[in-house]
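**Q** Pasting the sequence and the predicted coordinates here, then a few questions.
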Amino acid sequence: MRKEYPFTHRYAAVLVFCTLLLLISPVAAAVFRQHERSLSMPPSLSTAQPVEQTTATPSSPVAPRHYRDRVLVLMYHHIDPREDPMTISPSRFSDQMDALQRGGYHVIGMDKLLDFAVDGEPVPDNAVVITFDDGYESFYRYAYPILKNHHFSATNFIIVKATDSPDPNALPHLTWAEMRQMREDGMRFGSHTYDLHHMAAVNASGLLQPALAHPIFLRGKGRVETEREYEERVRNDLALAQERLDAELGKQPRVLAFPYGAYNDTVVEIGRSLGIQLFFTVKEGFNRPKHTVLDRINAGTPTLTGDGLLDLLHRYDEPSPGVPASAGSDFVRAGPPM
Ligand SMILES: [Zn+2]
């Protein structure tokens with residue numbers, strides 16, 4: 001039997017988030033175009049030096065140790081000066097990046113995370129990985145210059161079809177050329193499926209579930225997909241996403257973020273058979289060495305200041321010597337409001 005990781009309230013916030021983004025896409029696209037007209041293009045960044053994968057804290061000679069041999073992964077989606085429940089402003093994002101430096105966190109890139117999660121290679125104390133989902137162009141326009149200023153690397157999980165076949169009425173997505181430019185500065189790009197970032201009916205009455213994680217109802221045939229049909233659909237989609245990423249960007253880390261965080265063992269098995277090495281959920285928690293299905297902390301929420309982010313991350317501080325181990329490092333907390 002396939003072990004399900006069901007679509008529960010845990011994923012509901014992300015679903016609402018993504019659905020709202022889709023609903024406001026035409027409006028947001030218009031707003032974005034207006035910004036395009038009113039603002040100058042981002043300054044050329046092509047002459048800058050490549051970013052370091054790991055960055056020391058310049059302001060504090062001895063960084064505090066919050067935790068060791070663990071990695072926290074942050075999750076963002078969209079960045080825009082006009083904040084809403086699913087969007088944070090460039091200044092808020094910059095404030096959060098400043099806070100990571102100030103707080104003694106060490107941002108590592110996806111390449112280092114792979115070595116840690118797959119092979120158990122060491123990471124610096126207080127290691128943090130920055131990820132974005134959905135591949136919005138705002139990553140290029142707003143996040144990339146800020147990340148470069150901080151010498152931070154980040155990974156964006158792109159919906160590959162949204163780049164291959166852009167929808168003029170949707171929020172703009174990254175182009176391959178933008179990704180190629182950013183790749184040279186240490187940014188990485190993973191899969192958020194080719195075209196399975198949507199909800200689909202899973203029975204005749206139209207119950208909706210994430211299309212990656214469930215056999216769907218075939219209306220023409222009046223039945224649900226067989227296990228074989230489901231597996232073939234998932235395999236074809238994930239394989240096409242990897243093929244396009246490889247063809248356009250060259251060798252990238254083989255990593256997949258589950259849309260809405262929903263997945264099951266079949267998806268992971270198929271992903272592994274295609275060479276995908278790391279998988280990303282939306283469940284909040286620590287990540288240990290040699291664990292390849294990783295949890296993430298949603299930091300892309302407009303209530304979260306830089307100091308608020310530090311407060312959130314401090315929940316994961318290891319207990320001081322003498323504190324009982326039951327307050328240890330392998331717990332899961334409820335996330336911030338999304
Ligand atoms: Zn998504």
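**A** Right, received. Where do you want to start? Keep in mind that what you see is a predicted model, and the values were worked out from it rather than measured.

**Q** what residues are up against the residue lying closest to Arg223 once chain neighbours are set aside?
**A** Distances taken as C-beta to C-beta, 6 or more residues apart in numbering place Phe217 nearest to Arg223, at 7.4 Å, with adjacent residues excluded. All C-beta spots, glycine's among them, are computed from the backbone N, C-alpha and C. By C-beta atoms under 8 Å, 6 or more residues apart in numbering, Phe217 lies in contact with 200-204, 206, 223-225.

**Q** List buried members of those by neighbour count.
**A** 200-202, 224-225 (16 or more other C-beta atoms under 10 Å).

**Q** Now do the residue nearest to Arg223, the pLDDT please.
**A** You'll see Phe217 listed with a pLDDT of 98.

**Q** Any idea what it is bridged to?
**A** As for beta bridges, Phe217 partners with Val224 under DSSP bridges.

**Q** can you tell me how far it sits from Leu208?
**A** With the distance defined as C-beta to C-beta, to the nearest Å, Phe217 ends up 10 Å from Leu208.

**Q** For the helix or strand hosting Arg244, which outside residues touch it?
**A** Taking DSSP states H and E as the criterion, Arg244 maps to helix 227-249. The contact list for helix 227-249, computed with C-beta under 8 Å, 6+ apart, reads 2, 158, 160, 164, 176, 179-180, 183, 189-191, 193-196, 212, 214-216, 218, 225, 252, 254, 256, 266-267, 270-271, 273-276.

**Q** That one - what's its average pLDDT?
**A** 98.

**Q** List the buried residues in that helix.
**A** Along helix 227-249, these residues count as buried under the neighbour rule (16+ other C-beta under 10 Å): 230-231, 233-235, 237-242, 244-245, 248-249.

**Q** how about JSON lines for the buried ones among the contacts of Phe217, with distance to the ion added?
**A** Output for those, formatted as JSON lines (distance: C-beta to the ion, whole Å):
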{"residue": "Ala200", "distance to the ion": "15"}
{"residue": "Ala201", "distance to the ion": "20"}
{"residue": "Val202", "distance to the ion": "19"}
{"residue": "Val224", "distance to the ion": "24"}
{"residue": "Glu225", "distance to the ion": "22"}
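
**Q** next helix or strand past the helix or strand of the chain with the lowest mean pLDDT?
**A** Ranked by mean pLDDT, DSSP states H and E, the weakest helix or strand in the chain is helix 9-38, scoring a mean of 46. Per DSSP H and E, the first helix or strand lying C-terminal to helix 9-38 is strand 71-76.

**Q** Remind me what that next one packs against, helices and strands.
**A** Helices and strands touching strand 71-76, by 3 or more C-beta pairs under 8 Å, 6 or more residues apart in numbering; DSSP states H and E, are helix 110-119, strand 127-134, strand 297-298.
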